[in-house]
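# Quick check, what structure comes out for this input:
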Amino acid sequence: MKIIELDLTGCKYLDEIHEKIRIAFKFPEWYGKNWSAFWDLLWSECDADKVIIKGEEKLPAEFEQDLIIMHEILERKIEFNKKCKFNAFSYEVVS
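Predicted coordinates:
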C-alpha cells in the first residue's frame, strides 16, 4: 500500500500549503499551486492508495475554505476511483 503523508504543520500562507502538497505528492516543479492544478495532478500523477494529512487543526482559521476545497477534491478522487473501478483510494486527517 502506497501512503502519502502530507504534514501542513506550520503553514502560514496558502503557497506554503501547496508547496507541501507538491513535495508530499512528488508533483513536478511546474505544479501550478492552485486547487485546479491539485485536481489535475492528483488524477494524473498520483498512484497512492491513501493520503494521511497532519497539522490541519493548527492552521489559521483563514484556511478553513481551502481545507474544505482540498477535502472535496480528495473525495472526488475517491468517487472517481470507485466509478472507474480503479484501486481504492482514501484519505485520513490525523492530529
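# The residue located most distally from the centre of the chain and residue 19, how far apart?
Of all residues in the chain, residue 85 has its C-alpha farthest from the mean position, at 20.9 Å, by C-alpha atoms, centre = their mean. Distance, residue 85 to residue 19, by C-beta to C-beta, to the nearest Å: 33 Å. C-beta: built from backbone N, CA, C; applies to glycine.
# Pretty sure residue 47 sits in a strand.
No: looking at residue 47 with DSSP: H, G, I helix; E, B strand; the rest coil, it is coil, so not inside a strand.
# any idea of the mean pLDDT for the lengthiest helix in the chain?
Longest helix of the chain, by residue count under DSSP state H: helix 64-83. Helix 64-83 shows a mean pLDDT of 96 in the predicted model.
# For it, output the C-alpha coordinates as CSV.
What follows is helix 64-83, C-alpha atoms only, in CSV (Å, rounded to 0.1, in the frame of the first residue of the first chain):
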residue,chain,number,x,y,z
GLU,A,64,-10.9,26.8,6.5
GLN,A,65,-12.3,27.3,3.0
ASP,A,66,-9.1,26.0,1.4
LEU,A,67,-9.2,22.8,3.5
ILE,A,68,-12.8,22.3,2.6
ILE,A,69,-11.8,22.5,-1.1
MET,A,70,-8.9,20.1,-0.6
HIS,A,71,-11.2,17.6,1.1
GLU,A,72,-13.7,17.9,-1.7
ILE,A,73,-11.0,17.2,-4.3
LEU,A,74,-9.9,14.2,-2.3
GLU,A,75,-13.5,13.0,-2.1
ARG,A,76,-13.9,13.4,-5.8
LYS,A,77,-10.8,11.2,-6.3
ILE,A,78,-12.3,8.5,-4.1
GLU,A,79,-15.5,8.6,-6.1
PHE,A,80,-13.7,8.7,-9.4
ASN,A,81,-11.6,5.6,-8.5
LYS,A,82,-14.8,3.7,-7.4
LYS,A,83,-16.7,4.7,-10.5
